[in-house]
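Student: Let's see this in three dimensions:
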Amino acid sequence: MTTTRDRGPEAGEPSGAGPVAAGTARPAVADSSTAGPLTAEAGPVTEREARQVAEAARESEWGKPSFGKELFLGRFRLDLIDPWPAEASTRSAAAEQFFTKLDAYLRSEVDGAQIERDARIPDEVFRGLARLGAFGMKIDERYGGLGLSNLDYCRALMLVGSVSPAISALLSAHQSIGVPQPLKVFGTDEQKQRYLPRLAAGEVSAFLLTEPDVGSDPARLATVAEPTEDGTGYRLNGVKLWATNGTVATLLVVMARVPAGEGRRGGITAFVVEGDSPGITVERRNAFLGLRGLENSLTRFHDVIVPRENVIGGEGKGLKIALTTLNTGRLSLPAMCVGASKWSLNVAREWAAERVQWGRAVGQHEAVATKLAFMAGTTYGMETMLQLCCLLADDDRNDIRIEAALVKLYASEMAWKIVDELIQIRGGRGYETAESLAARGERPVEVEQILRDLRINRIFEGSTEIMHLLIAREAVDAHLSVAGDIIDPEADLRRKAKAGARAGAFYARWLPTLALGRGQSPSAYAEFGPLAAHLRYVERSSRKLARSTFYAMSRWQGKMERKQAFLGRIVDIGAELFAVSAVCVRAHAERDTRPEGLELADLFARQARLRADALFTALWDNTDPVDNTAAKRLMAGRYAFLEEGVLTPAADQPWVAGWQPGPSTVEDVRRRIT
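Tutor: Numbers count the residues shown, from 1 in each chain. Coordinates of the predicted model:
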C-alpha cells in the first residue's frame with residue numbers, strides 16, 4: 001500500500017500478502033494498533049497482520065455509485081458517465097484568470113533548463129508562485145486559497161509540468177497529499193483556520209509515511225508517538241525516508257504509531273507537525289534519476305513534542321486518512337503524465353513531418369506511423385479518463401476510488417510507453433541531451449530528460465504492482481462481502497454457514513445477468529453512431545470479465561490472493577474498458593464542436609480492444625506457473641552461473657540501511673526559502 005509521494009518506491013515488494021486476501025472481508029483486527037513493531041528493533045510482522053492493517057485502512061462502504069465498481073461486476077452502467085458531466089462555469093471563469101497569469105509567469109520567469117542544471121528550484125520561483133496563489137490552488141477561498149476544481153487544478157499541473165516537472169511535483173505533493181488535503185477532508189475548524197492560510201500564502205507542506213524499511217507494508221511502521229506523561233501531547237521518535245518537499249517544508253503530515261493503552265485506541269495516526277520543531281533533523285537531501293529539482297528528504301524525529309490538538313481525524317485513523325485523501329489526490333499524478341504525453345506528441349508530430357529519410361518524411365513510413373497513431377490515440381484516451389475522473393470528483397455524488405486508481409495506473413504506464421516511442425522516433429537525438437543539441441545548433445528538445453522525469457510515475461503513489469492489488473481488492477469486494485468467510489481458513493463452521501447462505505442468494509441473482517446483455521444486440525447504443533460498436537464491445541467484455549473473476553475465485557479460492565499476475569490482467573482489462581467507455585462518451589458529447597474527436601476515439605478504442613483481447617487470452621494462456629518456479633530457483637542461486645563474467649556491485653553495504661532511535665549525529669541540511 002505505497003500511498004504517498006513521501007514516495008516509497010517499493011515496486012518489487014508485493015509479497016504473498018496483498019489487498020486481495022481470503023479472509024479480508026471480516027478482518028479479525030479492527031484497527032492497526034495490534035500489528036507491527038513499536039521500535040526499530042521490534043520483530044517482524046506476520047503476513048496475516050500485514051493484511052489486516054491494509055484491510056482495516058480501506059473504505060469498506062459504498063455509499064455512492066461507482067462506474068468502475070459496476071464495470072468489474074459485469075454491469076455496464078453507462079448512465080453513470082453519460083451524458084458527459086458538466087463543468088462548473090463559475091469556477092472555470094475564475095480559473096481562467098489564474099491560468100493567464102500562470103502561463104505568463106512560466107514563460108517569462110521560469111527557466112526549466114536552469115532547474116535541471118542546478119538541481120534546484122530558485123527561491124524567487126517559490127516566491128513568484130506564492131504571489132500567484134499556486135500553493136493554494138486546492139485550498140478554499142475562505143482560507144486564502146483559490147478554491148480550484150479538481151479539473152482546473154490538474155490543468156494547472158499540466159501547464160507547470162511542461163516547463164518544469166520538478167515544480168509540478170512540488171505543488172502536487174504540497175497540495176494533493178500534504179497538509180491541505182487531509183485537513184480539508186478530516187481537519188477540525190481550528191486546524192483549518194490555523195494552518196490553511198499559511199499554506200495558501202506559500203508555506204510548503206510534505207507528507208511523511210515511508211521509512212527506510214517500510215514502504216508498501218505499513219504494518220511494520222516503526223515511528224512511534226508516545227503520549228506524554230501530562231496527556232497534553234505526544235513524543236515523536238523515528239526516521240522517515242523519501243519525503244517530497246521534506247527539505248523545504250515548514251508543515252508536515254507525519255504518520256506514526258500510537259501504542260494502545262487503557263482507554264486509548266492507538267494505531268497508526270496522522271499528525272500535523274511544525275517543520276521547525278526541536279528534535280527534527282533533515283539528515284540528507286536525496287538525489288534521483290529524474291526530477292532533479294525535487295526537494296526530497298531523509299528526516300529524523302527525536303523526542304519531538306506534538307500537541308494533542310495536532311492529531312488529524314483521531315488516533316488509529318492515519319492510513320484511512322491517507323487512502324481517502326488519495327481518492328482525489330491521485331489525480332495529480334496522471335495529470336502530469338497527460339501533460340508529458342501532450343508535450344511528447346507535439347515533438348513527435350513536428351519531427352516526423354520535417355525529418356526526411358529515403359525520400360519521405362519519416363512519419364510517412366509505416367514503422368513510424370504506427371507509433372504516431374499510438375501516441376495520438378493514447379494521449380486522447382488518457383486525457384479523457386483524467387477529465388472524467390476530475391468531473392466526477394468535482395460533482396461529489398460519485399465514489400471514484402476505483403476510477404482514480406485506474407487512471408493513475410493506466411496513465412503512468414502508457415505515458416512511459418509514449419515517451420519511449422518518442423525516443424525511438426527521434427533516434428540518436430532522442431538520447432542526446434538538450435544542452436548538447438543546442439551546442440550543435442539544433443533545437444534543444446529535452447526528450448532524454450522527460451524520459452528520466454517520467455519514470456518515477458510508475459512507482460509514485462503506489463507502484464504498478466501495488467495498484468494492481470489495490471484495485472483488484474476493490475473489484476472483488478462484492479464477492480468477499482458475501483463469500484469471504486467461505487474461503488477464509490480461520491472462519492468457523494457457523495461463519496461459513498452464514499456466508500454460504502449469503503453467497504447463494506447473491507449468486508442466484510447475479511450470475512444469470514452475466515449470460516446476456518445489451519452488447520449482443522447489433523442496434524444497441526445506436527445513438528453513438530460510429531462508436532456504438534465499441535460500447536457494445538465494452539458491455540460484452542464487462543460481463544466476460546466478471547465471469548472470469550468469478551471462475552478464478554471458484555477455482556483458487558483462498559489462493560486467489562497469490563495469483564497476482566492474473567489479478568493484474570483483470571485490472572488492466574478493466575482499465576482498457578473504462579478508457580474506451582470514457583472516450584466514446586466524450587467524443588459523442590463534443591461531436592458538434594470537435595468532430596475530429598470521433599476519429600481519435602475510434603482510433604483509441606480499436607487499439608484498446610486489441611490490448612484487452614490479448615489480456616483476456618493471457619488470463620488462462622500464460623507462463624505464470626513456470627515463471628514462479630523459475631523465480632524461486634533464481635533466488636535460491638540455481639542460475640547464478642548466468643551472472644559470471646561481469647563485475648557485480650560490491651556487497652559491503654546493506655540493501656536497506658538500518659537506523660537507531662536517538663538524536664541525529666549529522667548536520668541538518670534543510671533549505672530555508674528566503
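Student: Low-confidence bits of the chain, can you list those?
Tutor: Within the chain, the ranges that satisfy pLDDT under 70 run 1-44, 47, 50-51, 54, 56-57, 89-91.
Student: Phi and psi next, for the residue nearest to the spatial centre of it.
Tutor: For the chain, residue 461 is the residue whose C-alpha lies nearest the centre (CA atoms, centre = their mean; 4.0 Å). For residue 461, the backbone dihedrals are phi 50, psi 40 (criterion: degrees, to the nearest 10).
Student: was I right about it contacting residue 325?
Tutor: No - at 10.6 Å, residue 461 and residue 325 do not qualify as touching, with contact defined as CB atoms under 8 Å. Using the backbone N, CA and C atoms, a C-beta is placed for each residue, glycine as well.
Student: who touches both of the two?
Tutor: Taking CB atoms under 8 Å, 6 or more residues apart in numbering as the criterion, residue 461 and residue 325 both touch residue 177.
Student: Distance-wise, check residue 555 relative to residue 415.
Tutor: Distance, residue 555 to residue 415, by CB to CB, to the nearest Å: 35 Å.
Student: now the helices for the stretch 551-674 of the chain?
Tutor: 564-589, 596-620, 624-635 (DSSP state H, counting those that start in this stretch).
Student: just so I know, which of those helices lies nearest residue 66?
Tutor: Nearest to residue 66, of all the helices of the stretch 551-674 of the chain, is helix 564-589, at 11.0 Å by CB to CB.
Student: For that closest one, name the packing helices and strands.
Tutor: Here helix 564-589 touches helix 67-72, helix 366-395, helix 401-426, helix 464-475, helix 532-556, helix 596-620, helix 624-635, going by 3 or more CB pairs under 8 Å, 6 or more residues apart in numbering; DSSP states H and E.
Student: Can you tell me what sits against the host helix or strand of residue 481?
Tutor: Using DSSP states H and E, residue 481 sits in helix 477-483. Residues from elsewhere that reach helix 477-483, judged by CB under 8 Å, 6+ apart: 24-25, 62, 69, 73, 499, 502-503, 506-507, 549-550, 553.
Student: Of those, just say which sits nearest to residue 233.
Tutor: Using CB to CB, residue 24 comes nearest to residue 233 of the contacts of helix 477-483, at 34.3 Å.
Student: any idea how far the residue of the chain most remote from its centre lies from residue 365?
Tutor: The outermost residue of the chain, judged against the average C-alpha position, is residue 359 (44.6 Å), by CA atoms, centre = their mean. From residue 359 across to residue 365, the span is 10 Å (CB to CB).
Student: Which stretches in the chain count as strands?
Tutor: Here the chain has its strands, by DSSP state E, at 205-208, 224-227, 233-244, 251-258, 267-274, 280-285, 296-307, 311-312, 356-357, 360-361.
Student: Pick the most deeply packed of those strands.
Tutor: Ranked by average neighbour count under the criterion mean count of other CB atoms under 10 Å, the strands of the chain are headed by strand 205-208 at a mean of 30.
Student: would you put the C-alpha positions of that strand in PDB?
Tutor: Extracted in PDB, the C-alpha atoms of strand 205-208 (Å, rounded to 0.1, in the frame of the first residue of the first chain):
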ATOM      1  CA  SER A 205       4.000  21.100   3.200                       C
ATOM      2  CA  ALA A 206       5.200  17.400   3.000                       C
ATOM      3  CA  PHE A 207       3.700  14.000   3.800                       C
ATOM      4  CA  LEU A 208       5.900  11.500   5.700                       C
END
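Student: Please name the residues that touch the nearest residue to residue 422 once chain neighbours are set aside.
Tutor: For residue 422, ignoring the flanking residues on the chain, the nearest one in space by CB to CB, 6 or more residues apart in numbering is residue 344 at 4.4 Å. By CB under 8 Å, 6+ apart, the contact list for residue 344 reads 375, 418, 419, 422, 447, 450.
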